[in-house]
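Asker: Pasting a predicted model and its sequence here:
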Amino acid sequence: MKVRILKAEFPDGIEKASVSFWYIMEGDKIQKDQPLIEFVTEKTTFTYVAPCLCKVLKFLVNEGDEVVIGQEIAEVEME
């Protein structure tokens, strides 16, 4: 199995956001397009979804952390 690092992707114009909460837990197997994490800014809230079928090995950011675009957020194992 191949290990991959997921990086934060935000809507256009957003450079940073805070982690509101994770929808899943470490060790969960997730489907492509399944909600993973909710981000919040002063003006909006949005959800980052899984780009692929995978298993979450480790969170690299926690709830309440501020994240910048492109920052590593989770380590996953490709299915």
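Answerer: Happy to help now that I have it.

Asker: C-alpha from now on. contacts and neighbour counts both.
Answerer: OK.

Asker: Point out where this protein drops to low pLDDT.
Answerer: 1 (pLDDT under 70).

Asker: ranges for the strands of it?
Answerer: Ranges of strands within the chain are 3-7, 16-22, 29-30, 35-40, 45-49, 54-59, 66-68, 72-78, based on DSSP state E.

Asker: could those strands be laid out in CSV, adding mean neighbour count?
Answerer: As requested, these are arranged in CSV below (neighbours: other CA atoms under 10 Å):
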stretch, mean neighbour count
strand 3-7, 16
strand 16-22, 19
strand 29-30, 18
strand 35-40, 19
strand 45-49, 17
strand 54-59, 19
strand 66-68, 17
strand 72-78, 19
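
Asker: Now do stretch 50-61: distance to the chain's middle.
Answerer: With CA atoms, centre = their mean, to the nearest Å as the basis, stretch 50-61 stands 7 Å off its chain's centre.

Asker: List of residues touching stretch 35-53?
Answerer: 8-10, 16-24, 29-34, 78-79 (CA atoms under 8 Å, 6 or more residues apart in numbering).

Asker: Residue 12: neighbouring residues, count only.
Answerer: When neighbours are counted by other CA atoms under 10 Å, residue 12 registers 6.
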